[in-house]
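Novice: sequence below, structure please.
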Amino acid sequence: MKSSGKKARIREMLAAESGKTPHTDWARFKQQIRREVVSNEIPQLEIADQKTTSIVKWLPAIAAVIVAGVVVFSLREPAHEKTNNELVTQKSETVVAPRTMQRGDVYRSGRREIHFLSGAAQFKAHDNRLFIEATNLKADFKLNQKTDLTIQHPLITVTVTGTQFVFDATASGGRIRLTQGSLRINLKNPTMPNPVLLTAPVLFEFADKTHHTKPIAQKKTALDKPLYRYELTNGEVLYAEQLATNEQIHRVQLLGGKEQVIAVGDIASVGPALSE
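Specialist: I've put the predicted structure just below:
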């Protein structure tokens, strides 16, 4: 049943429609109805409560997803660390630690041989690369195939690509007797020229502030020609017999039998060689 208030408003509306009430009453009636309609709409708080209820409904599922992600990450992390450790181990395995070589030790690889005769050296070998660091050392090198070898001494650095020689040195100096191939010598004293290139057969002697080369003495006959020492502009030192010379070239025969043509412009000095 309708309340007496509602019945009174209905009667007001009917009276207004029939024109029995002034126009201002009709306007007032409409405003009253509008306020009641607005006041009867769903409150905003009720809408917010519905949204909040929806979010709360999904909270357990969201929490489950987050927990699952944390668990998966924690399980994968040790495996990731293990992989990194394995990589570090593999890299460390490629590092070649030096070992001490002393009198009586021999290194052999393919056609390479190094006989350590006295003293001691720190020696490293990796693939075809060899490295020797020594102060007091005598060793016989027979490297009959291409070899990347470096010898570090306090006074000099020797670079080898494949040759035969004897290295004999102490802290104050030493000598290298080269019987086959060639050597490159870098002198660590800044006052001396660099580099010195040796071609066999030759004896190279060095000290802190001096160095010089000598041909290796060989048996001679009456038919032997004089031996000359050639120092080239690039630092190389040759010992050879002269076969023919002119203003442009010197054609010579190196010790060991090899012939070579040397341009005059490449000769720094030339003169008779003194035997050892």
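Novice: let's see the pLDDT reported for residue 174.
Specialist: Listed pLDDT for residue 174 reads 95.
Novice: tell me which helix or strand it sits in.
Specialist: strand 173-180 (DSSP states H and E).
Novice: what packs against that strand?
Specialist: With contacts taken as 3 or more C-beta pairs under 8 Å, 6 or more residues apart in numbering; DSSP states H and E, strand 173-180 sits against strand 164-170, strand 196-199, strand 202-207. Bear in mind the C-beta positions are built from the backbone N, C-alpha and C, glycine included.
Novice: what about 10 Å?
Specialist: If you count contacts as 3 or more C-beta pairs under 10 Å, 6 or more residues apart in numbering; DSSP states H and E, strand 173-180 packs onto strand 137-143, strand 156-160, strand 164-170, strand 196-199, strand 202-207, strand 211-215.
Novice: export these to CSV and tack on mean pLDDT, distance to residue 106 and mean neighbour count?
Specialist: Listed next are these as CSV, based on pLDDT from 0 to 100; distance: least, C-beta to C-beta, whole Å; neighbours: other C-beta atoms under 10 Å:
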stretch, mean pLDDT, distance to residue 106, mean neighbour count
strand 137-143, 93, 10, 21
strand 156-160, 93, 17, 19
strand 164-170, 94, 15, 20
strand 196-199, 91, 25, 21
strand 202-207, 94, 24, 19
strand 211-215, 90, 29, 18
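Novice: these into TSV, with extra columns for distance to residue 104?
Specialist: Converted to TSV, the helices and strands packed on strand 173-180 look like this (distance: least, C-beta to C-beta, whole Å):
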stretch	distance to residue 104
strand 137-143	11
strand 156-160	22
strand 164-170	16
strand 196-199	28
strand 202-207	25
strand 211-215	30
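Novice: ok, back up a step: buried sites along the strand holding residue 174?
Specialist: 173-179 (16 or more other C-beta atoms under 10 Å).
Novice: and of the residues you listed, the nearest to residue 162?
Specialist: Set against residue 162, the nearest of the buried residues of strand 173-180 by C-beta to C-beta is residue 178 (12.3 Å).
Novice: could you give the bridge partners of that closest one?
Specialist: Beta-bridge partners of residue 178, counted by DSSP bridges, are residue 165, residue 202.
Novice: residue 197 versus that one, what's the distance?
Specialist: From residue 178 across to residue 197, the span is 11 Å (C-beta to C-beta, to the nearest Å).
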